[in-house]
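> My questions are about this predicted structure, shown below with the sequence.
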Amino acid sequence: MSDQAQVAPQKPLKIAIVAGELSGDILGSGLIRELKKLHPTAEFFGIGGPRMQQEGFISHWPMDRLSVMGLVEVLGRLRELLNIRKEVRDLCLKEKPDLFVGIDAPDFNLTLEEWVRESGIPVAHYVSPSVWAWKQGRLKKIARCVDRMLTLLPFEAEFYHRKNIPVTFVGHPLADELPMDVDQNACRDQLGLSKEQPVLAVLPGSRSNEVKYLGQTFIDTALRCCEVMPELQVAIPCANELRRQQIEEQLAQVKPELRQCFHLYDGMSREVMSASDSVLLASGTAALEAMLLKKPMVVAYKMAWLSHAIISRMIKVDHISLPNLIAGETLVPEMIQDKANVESLSELLLDRLQNPDNYRALVERFYQMHHELKREASQVAAKTLSDLIQEHQG
């Protein structure tokens, strides 16, 4: 026998990931790409979309089976979703991965993460649920479910620190993706808009109910602005064909001489905002994107009165838009329910369109916030998870 001990080849890492929708697939693909740089032989499996699969990920179930929105839709598919969750658990118990990563989809992932962690597998959750805003009862479950929470926003990490839950702020992938400065004129050329005339971007939302409750108000607001500024160009990106039909129906009542102010686009929300001088939008990720594009904006939101009555009593934060939440103060106006009316919205927008010099300090603040969020999120997340694996392996 040789005096030199025989060293068995090290087994490749196995990492299980569950992503439930397009945004998770994008995050997952970036994470896998960076993890492969640290662990070239690592194997990845679970549930993911086409971008993750392009990185070598093996998806045992179609990701779109998890992409369900709305209470009624979830109830109609509940049995299938519960069965998939149990099957993922069983696969993890069989394969014994070195790490399990749930990407967003907290209603599906948190219970699954608890099961997996109980079996001795380390668990991370990527993208914090909005527990800082509501459903804070979930915190106890999160503490049981995860060894590390990865957050995209700094105030989320501060919240978990206060609750003694292990957390890492990794930055926001959008901040990595978007340049510090955009070429407004190039975007206007791409959209067929005049460089000499001001542009108002109008984004009433990507969901049917958002366009139902906000679309007509946003169109009437833009019309009021056009009456004051006849040279104004109004650009509206339509999230899909159904949203385009909704918006066209709402525009049908506009007088032909004013209808020519409006320009509709299929998708291209980023290009539309980049081309604009100011933005009117529904609260959501679009507000973060507008902030990263350094655009003065007005945020609005409407919903059914009963939903608002219930949700407003549950919300634990003073702001709803991401720019204000990140800043911890009111940087952009938030016009909710009755406040989201034509008179108020048009007054705010006209001020931003006609007095751009008044918003130079706001734009500088947006630059500062962009730098704070630009952390190379995928790299930071991969390094954090690699360290977690090593800690667990001892």
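Nice, thanks for sending it over.

> And the closest residue in space to Thr168 that isn't next to it in sequence, how close does it get to Ile219?
Among residues not flanking Thr168 along the chain, Thr384 sits closest, at 4.7 Å (CB to CB, 6 or more residues apart in numbering). Every residue, glycine included, has its C-beta placed from N, CA and C. Taking CB to CB, to the nearest Å as the measure, Thr384 falls 45 Å from Ile219.

> gap between the helix or strand containing Asp220 and the chain center?
Using DSSP states H and E, Asp220 falls within helix 208-228. The chain centroid and the centroid of helix 208-228 are separated by 24 Å, computed with CA atoms, centre = their mean, to the nearest Å.

> do the same with stretch 358-366
Counting by CA atoms, centre = their mean, stretch 358-366 is centred 23 Å from the centre of its parent chain.

> Show residues contacting it.
Here stretch 358-366 makes contact (CB atoms under 8 Å, 6 or more residues apart in numbering) with 291-292, 294-296, 323, 327, 331-332, 351-352.

> Go again with 6 Å.
Residues outside stretch 358-366 that contact it (CB atoms under 6 Å, 6 or more residues apart in numbering): 291, 294, 296.

> can you pull the pLDDT of the spatially closest residue to Asp189 that is not a sequence neighbour?
Setting aside the residues directly before and after it, Asp189 is nearest to Lys195 in space (CB to CB, 6+ apart), at 7.6 Å. Note for Lys195: predicted pLDDT of 97.

> so how many other residues sit close to Ile121?
Using other CB atoms under 10 Å, Ile121 has 21 neighbouring residues.

> mind checking how far it is from Cys145?
Taken as CB to CB, the span from Ile121 to Cys145 is 12 Å.

> circling back: which of the contacts of stretch 358-366 ranks first by neighbour count?
Met291 (29 neighbours).

> Might one say that that residue is in contact with Pro323?
Yes. Between Met291 and Pro323 there is a contact under CB atoms under 6 Å: 4.4 Å.

> so how far is Asn355 from Pro204?
Remark: distance between Pro204 and Asn355 (CB to CB) = 25 Å.

> So for these two, which residue has more residues nearby?
The neighbour count for Pro204 versus Asn355, taken as other CB under 10 Å, is higher for Pro204 (29 against 10).

> what sits against that one?
Counting by CB under 6 Å, 6+ apart, Pro204 touches 211, 214-215, 218, 282.

> For Glu158, state which of those is nearest.
Using CB to CB, the shortest approach to Glu158 within these belongs to Ala282, at 26.6 Å.
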